[in-house]
Structure formats: C-alpha cells, structure tokens
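Participant: Sequence below, structure please.
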Amino acid sequence: MSVDLNTEASENRNLSMQGSRYYVLILLTFTASINFVDRQILSVLLEPIGQEFALSDSLLGLLSGIAFAAFYSVLGIPIAVLADRLNRRNIIVVCISIFSVMTAICGSVGSFMQLFLARIGVGIGEAGTAPASQSIISDLFPVAERPFAMSLLAAGGNIGLMLGLLIGGWVNEWYGWRMAFLVAAAPGVLIALTIWFTVREPPRAKTPKDITLLSEILEGVSLVGQIPSFRRLAIAGSLYGLSAYGIHTWMPAYYIRYHDMTTGEAGTIISLIVGVLGATGAIVGGALCSKLNQRDLRWSCWLPAIAIGISLPLLIAMLITNNTALAIGFFIIPGALSSIYAGPTWSLVQELVPNHKRAIAASVYLMIFNLIGLGLGPLFVGILSDVYIPHLGDGSLRWSMISVLMVSVLGIVFYLRAAGSVLNDIRLSQDR
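Facilitator: Here you go, the predicted model:
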C-alpha cells in the first residue's frame with residue numbers, strides 16, 4: 001500500500017500525516033546510508049587495493065576522490081533540474097539501482113583503470129539521490145523543523161560510513177576486497193523496491209512548461225550565485241569538507257600504517273566513532289539547532305563553526321601521537337561532531353531559494369562541496385604524502401593529513417561570514 005503525501009508540510013497536523021512524512025524521512029535516510037556505504041567502502045580497502053595493483057598514494061587519492069566526485073558533482077545539477085520537474089521518487093529509485101550495480105562491478109575489475117571507471121559509474125548513480133531527497137524533505141517539513149529532518153538525513157551518511165567500514169574491513173579479511181564490494185551493493189535493491197512500492201511524490205510548485213532544461217539549469221545556477229549567503233555557505237562547507245574527507249578517507253590507512261591495525265580493526269574503530277557517535281551528534285546537533293533557530297536562524301551558521309573549532313586541535317593531537325589509545329581517544333569528540341554542519345547548512349540552502357528551485361539549489365551546493373571536499377580532499381592528502389616522503393619518510397601520510405586539516409580554519413571564517421548575511425537573504429528569497 002502506498003504512502004499518500006497529498007498535504008503540504010505546513011498543513012501536516014494530523015497524526016497519520018505526521019507518521020507518513022517520518023516514514024518517508026526514514027526511507028530517505030536509509031537511502032543516504034547505502035549511498036555512503038557504496039561511496040566510502042573504498043577508504044578501508046585502499047591498502048589491499050594499493051598492494052594488489054602497486055599504486056602510489058597519489059593514485060589512491062585519485063581513485064578515492066576525483067574519480068567519484070567529478071561525475072557525482074557535475075551530473076547532480078541536470079538530474080536535480082529533472083527532479084524539480086519530474087517525479088523525485090522515480091529519480092531516486094533509478095539512481096539507487098545504478099550505483100548499486102556499479103558498486104558490484106567494482107568487485108570484478110582486473111586493473112586500476114577498470115576500477116577507476118567503475119567508481120565513475122558509482123558517482124553517476126549517486127548524483128541524483130541527495131538533491132531529490134532534500135527537495136522532498138523540504139516539502140514535508142516546515143522551516144522550524146527542517147534542521148532536525150535534514151540532520152537525520154545527514155546521519156544516514158554516518159550510518160552508511162559505519163556500515164561501509166565494517167563491511168569493507170571484515171569482509172576483506174575473510175573473503176578479500178572484491179567480495180566486500182559485492183556485499184555492499186546488495187541492500188540497494190531492497191531499498192529501491194521499498195521506495196517504489198510504498199512512497200508517492202508529494203505536491204510542490206511546478207516549473208513553467210515553456211522553460212527549457214538548459215534554460216532552467218542556467219537560471220538556477222545564476223539564482224543561487226547571486227545570493228551572498230549561499231556563496232559563503234558553499235565555500236564554508238567545501239573547505240571543511242576538503243579537510244574532513246581528506247582525514248576520514250585516509251583514516252583507515254593511518255591506523256593501519258602507524259598503529260598496526262588490520263582492516264577489520266581499523267574499520268571497527270572508525271565506524272563506531274564516526275558512524276555511531278557521528279550519527280548521534282548529527283541528530284542531536286540538528287535538534288539543538290532547531291531549538292536555537294527559534295531564537296535566531298543564524299545558529300545554523302554558528303553551530304557548525306563551533307563544532308569545527310572544537311574538533312581541529314583534537315584531530316591534530318590524534319595525528320601526532322604514537323600512542324594508539326590516545327589516537328583513538330582524541331578522535332572521539334571530533335567524530336561525534338563531524339556531521340553537525342550538514343543539517344543546518346542544507347536547511348539554510350533550501351530556505352534561501354523558492355520551493356520550486358530547491359533541488360537545483362541543493363545540487364549546486366553539493367557540486368561545489370563534493371568537487372572541492374570529496375574530490376580534492378583525499379587527492380591532496382595522497383599527493384602531499386608522496387611529496388613529503390623524501391623529507392619525512394614513513395611519517396609522510398600523517399603530516400599530509402595535518403596539512404589538509406588546516407584548511408578547515410577557513411571554513412570557520414566563511415560560516416561566520418554567512419551568519420552576517422543570511423537573515424537578509426532569507427527575507428529577499430520570500431520576494432522571489
């Protein structure tokens with residue numbers, strides 16, 4: 001039986017509609033989880049893949065970063081425009097099917113280039129789920145509740161990261177890295193079928209029929225580019241993302257190289273910290289932000305800046321120490337705070353544009369965030385590691401991670417700058 005979502009979010013006052021919109025939110029959170037499983041499982045498999053194909057850290061950074069991020073980021077915009085025009089549920093189902101199949105193919109490759117191309121395929125499939133999901137959530141939840149809803153969606157990423165690290169780490173030890181990809185691909189089919197048979201598209205403002213697809217892409221990109229707060233949020237999130245993805249992607253390799261862990265042990269430690277604590281932090285942070293936003297919407301900028309500022313010195317201490325217990329202990333608080341930025345940031349991005357432009361606004365933000373953060377973060381760590389080898393020897397990876405981590409300071413600066421303009425830009429968005 002399908003879930004009927006025929007009421008606007010602001011009118012969802014009865015219990016049955018409350019239940020149905022949270023049902024959809026949970027399904028979209030599961031979608032985000034399997035998205036991150038297929039995206040991030042590679043991080044815990046970098047060492048065995050690098051050994052099998054004799055790859056340098058630079059090539060591993062290329063494989064884990066830009067191979068996925070370039071197509072994932074750029075294709076997100078045209079798919080998002082389609083999501084603003086067409087049935088978003090159908091788009092999500094198709095995208096889940098594509099990235100699940102391509103993840104399975106990753107387990108059957110015979111060379112670095114084949115794996116590189118398969119990762120591109122994963123990126124193509126995953127490009128459409130996040131903008132369409134954010135757009136649906138924005139139609140189901142009013143602005144006061146949206147940071148919490150978006151934070152739950154963001155927590156799906158932490159859950160997926162946890163599962164990806166656990167699946168990748170232990171299945172690699174038991175059956176090899178190829179089987180890990182195959183196991184990771186399986187849940188996508190079930191989620192796609194569940195969404196197809198149990199969710200309907202909620203109503204929203206329609207795009208005028210006389211606007212061409214290209215015109216709408218250009219119009220949407222132009223619109224968000226004219227909003228100062230959007231530009232600052234995109235820069236802030238992307239600079240933080242560069243350091244966060246650089247650190248998290250290489251974290252298994254860090255624990256394996258410097259603390260003599262196996263892939264299973266490293267995957268378990270990181271999954272518990274970033275997965276369980278990170279998901280909890282994202283949800284609690286989103287709920288806290290929703291409360292604080294009732295007093296001042298600028299908390300959606302201040303809260304991420306505070307979380308980044310607390311995490312930075314602890315992450316530096318973690319990377320410097322040779323004591324394994326301290327390396328794990330220093331990572332606990334940053335891991336719990338790692339996704340607090342997402343819900344408040346995504347919520348503000350949605351509030352800065354008219355509701356029929358929400359998917360493309362999300363996609364433009366995600367394009368910038370993922371090209372810079374997901375694409376360049378792991379790559380820069382790998383390149384710097386190779387550059388540092390003649391001078392730092394075995395310590396090159398550690399110091400390359402610290403170097404990339406320092407970029408997050410600029411992320412704090414731009415979050416604070418966005419706080420200075422966001423209230424005025426939201427007022428202006430209501431007149432568009």
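Participant: And the most centrally placed residue in the chain, how far from Trp346?
Facilitator: Ranked by distance to the mean C-alpha position of the chain (CA atoms, centre = their mean), the top residue is Gly157 at 6.0 Å. Per CB to CB, to the nearest Å, Gly157 is found 11 Å from Trp346. The way it works is simple: take the backbone N, C-alpha and C, and place the C-beta from them, glycine included.
Participant: again with Gln51
Facilitator: On the measure of CB to CB, Gln51 and Trp346 end up 38 Å apart.
Participant: And these two? Which one has more around it.
Facilitator: Neighbours were counted for Gln51 and for Trp346 using other CB atoms under 10 Å; Trp346 has more, 30 against 10.
Participant: Nearest residue to that one in space, ignoring adjacent ones along the chain?
Facilitator: Spatially, and ignoring its direct neighbours in sequence, Trp346 is nearest to Met150 (4.4 Å; CB to CB, 6 or more residues apart in numbering).
Participant: Just list what the helix or strand where the one you found lies packs against, helices and strands only.
Facilitator: Applying DSSP states H and E as the criterion places Met150 in helix 146-175. When contacts are defined as 3 or more CB pairs under 8 Å, 6 or more residues apart in numbering; DSSP states H and E, helix 146-175 sits against helix 15-53, helix 129-140, helix 177-185, helix 228-259, helix 263-270, helix 278-293, helix 342-351.
Participant: For the fifth one, which residues meet the burial criterion?
Facilitator: Just to be clear, that refers to helix 263-270. Using 16 or more other CB atoms under 10 Å as the test for burial, helix 263-270 gives 263-270.
Participant: and of these, the nearest to Phe197?
Facilitator: Gly267 (33.2 Å; CB to CB).
Participant: got the contact list for that closest one?
Facilitator: Gly267 sits next to 44, 165-166, 168-170, 252 when contact means CB atoms under 8 Å, 6 or more residues apart in numbering.
Participant: Make CSV from those residues and add distance to Gly286, neighbour count and pLDDT to it.
Facilitator: Output for the contacts of Gly267, formatted as CSV (distance: CB to CB, whole Å; neighbours: other CB atoms under 10 Å; pLDDT from 0 to 100):
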residue, distance to Gly286, neighbour count, pLDDT
Val44, 27, 33, 79
Leu165, 23, 31, 79
Leu166, 24, 20, 82
Gly168, 27, 30, 80
Gly169, 28, 28, 81
Trp170, 30, 19, 86
Pro252, 27, 27, 86
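Participant: Would you point out the most distant pair within those?
Facilitator: Trp170 and Pro252 (12.3 Å).
Participant: list residues touching both of the two?
Facilitator: By CB under 8 Å, 6+ apart, the residues touching both Trp170 and Pro252 are 263, 267.
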